[in-house]
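Peer 1: pasting a predicted model and its sequence here:
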Amino acid sequence: LRPDRQRTVAVIGPLADALHADCYSCPLPSAVTARAGPAERVGADAVRWCEGAPRVSLRIHGTDDPLAAGDDPHEPAVRVGPAGPAVHLDLIDWGGGNCVLRAVSTGRHLRVDEKGALLADSPGPNGWVVRETFRLVERVDRTVAVRHVATDRYLTVGIDGAVGAEAAGPGEGTGVGV
């Protein structure tokens, strides 16, 4: 890409503006994303970016009640809540049938903590045990059960509306529509 020629560059994909580290990573000597590289070369105004991640709401089967990611950093628990901006999630393909869910309202990823609670407080997948990956599993009733990959448990909704990874199988997990 020659900066002296007028051009527009399209960068498309959910990982185009992301850098992810794992437990074996050291600080990256050159942390440049697929979006930032061309922007440095031809200028940010010449780069058009589309993440391309589907935006979804997960609604409890048989109801209009969605899962809602709070936008209060002091209360990051995901609960069954009223419809509104906090119910929109970006569904990002993580490969191998896995996905990550990111709250649109905060940009934070959903994860299951050590106690089994579903939270929307992670900057992104990372750590020795990646707690931000999920798998959507179709159930017999044609709804979807959400499996937390790290714990191999399925999301359930408690009577208080709190969401956690407590079920051993998809039939015991709470069915959702996407």
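Peer 2: Perfect, thanks for sending it. Numbering: from 1, shown residues only.
Peer 1: for residue 13, which non-adjacent residue is spatially closest?
Peer 2: Closest residue to residue 13 apart from its sequence neighbours, by CB to CB, 6 or more residues apart in numbering: residue 52 at 5.6 Å. No exception for glycine: its C-beta is placed from N, CA and C like everyone else's.
Peer 1: could I get the host helix or strand of residue 94 in PDB with only the CA atoms?
Peer 2: Secondary structure assigned from DSSP states H and E places residue 94 in strand 89-95. C-alpha atoms of strand 89-95 as PDB (Å, rounded to 0.1, in the frame of the first residue of the first chain):
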ATOM      1  CA  LEU A  89     -25.000  -9.200  22.500                       C
ATOM      2  CA  ASP A  90     -22.400  -9.600  19.800                       C
ATOM      3  CA  LEU A  91     -22.000 -13.300  19.000                       C
ATOM      4  CA  ILE A  92     -18.400 -13.800  17.800                       C
ATOM      5  CA  ASP A  93     -17.200 -17.100  16.300                       C
ATOM      6  CA  TRP A  94     -14.200 -18.300  18.200                       C
ATOM      7  CA  GLY A  95     -13.600 -21.400  16.100                       C
END
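Peer 1: what sits up against it?
Peer 2: Outside of strand 89-95, the residues that reach it under the criterion CB atoms under 8 Å, 6 or more residues apart in numbering are 14-15, 51, 53-58, 67, 69, 99-104, 110, 125, 133, 178.
Peer 1: same thing with stretch 153-172?
Peer 2: Contacts of stretch 153-172 with the rest of the structure, by CB under 8 Å, 6+ apart, involve 60, 67, 77-81, 112, 115-118, 137, 139-140, 145-148, 151, 173-174, 176.
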